[in-house]
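Asks: Need coordinates for the below:
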Amino acid sequence: MCNTNGINAKSKKSAYPVDYHQYHMGWKEAKVVYAKGAIIFGFLLWIFYRNGIVLLLGSPLLLLYKKQQEKKRCKERKWELTLQFKEGLQSLVAALSAGYSIENAFRQALQDLKLLYGEDTMIHQEFSYIVYQIRMNIPVEQALEDFAKRSDIDDIKSLAEVFRTAKKSGGNLIQILRTTNQIIGDKIEVSREITTMMSAKKFEANIMTKIPLAIILYMDLSSPGFLDPLYHNLLGGFIMTGALGIYLFSYVLMNRILSIEV
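Replies: The predicted structure follows:
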């Protein structure tokens, strides 16, 4: 899971090592999120209550929205790191196949990643940190285990475990890394196929979540005063609160159904 108190992935000056369980928005990013949340929740509460006091009481929802967006960005960051890690592993396999030792293979892979992604990307900085640990006489398997623990990505955890086992048992490290790279690639392709298949359903779900609000707006505009009994009185408040609860429950349930992970 992603903790939402941490380091911004996009910050070029982020200190390493980074804990990928955590994500913390910068002030500029947070302002955009707060503004978007204010528009969404302000419109939603106005539709169901038409009361300025309720709008003020609903302001803490912005904090929940910010945390939800941080969790979303944390997940996106891990996915991006997984894609970059696949390329890094491929460069590592190529270096080992060319006859480099495992320590020098990481240095060579680091140069390849610099050309491929640049110096400010997560995978380049992670490989740079691994190379730094190697220079400090820290075993490669320990550096990988540290990376796996901080990233909390199953593919990296599996590589760290396989790497340690291979070093101890003297297995064919190149073949093991090739197999691991192939498995990661297959998993990424399956994830992309699922995303493509679900994109249409997600589009339909987004439309469905807007239909109830559109109906309320249509009734209010086409028949002014028709919905007045539902506002500014206790009974109407209870009815609209129940309707809002059902609407939010349906929205959350729909998102969970469409959230499929490989």
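Asks: Identify the residues contacting Y65.
Replies: V33, K36, G37, I40, F41 (C-beta atoms under 8 Å, 6 or more residues apart in numbering). Any C-beta I mention is one placed from the backbone N, CA and C, and that applies to glycine too.
Asks: swap the cut-off to 6 Å and go again
Replies: Y65 is in contact with G37, counting by C-beta atoms under 6 Å, 6 or more residues apart in numbering.
Asks: gap between it and R77?
Replies: Distance of Y65 to R77, given as C-beta to C-beta, to the nearest Å: 19 Å.
Asks: Over to T195?
Replies: 17 Å.
Asks: So for the two, which residue has more residues nearby?
Replies: Taking other C-beta atoms under 10 Å, T195 and R77 do not tie; R77 has more neighbours (21 against 12).
Asks: Helix or strand next in line after whichever helix or strand C74 is part of, which one?
Replies: C74 belongs to helix 61-97 when assigned by DSSP states H and E. Counting by DSSP H and E, the next helix or strand C-terminal to helix 61-97 is helix 102-117.
Asks: what about the closest residue to N104 other than its chain neighbours, how many residues close to it?
Replies: Closest residue to N104 apart from its sequence neighbours, by C-beta to C-beta, 6 or more residues apart in numbering: A95 at 7.3 Å. Here the number of neighbours of A95 (other C-beta under 10 Å) works out to 22.
Asks: wait, A95 sits on A109?
Replies: Yes - applying C-beta atoms under 6 Å, one finds A95 in contact with A109, separated by 5.5 Å.
Asks: Once you drop chain neighbours, what's closest to A38?
Replies: L62 (6.4 Å).
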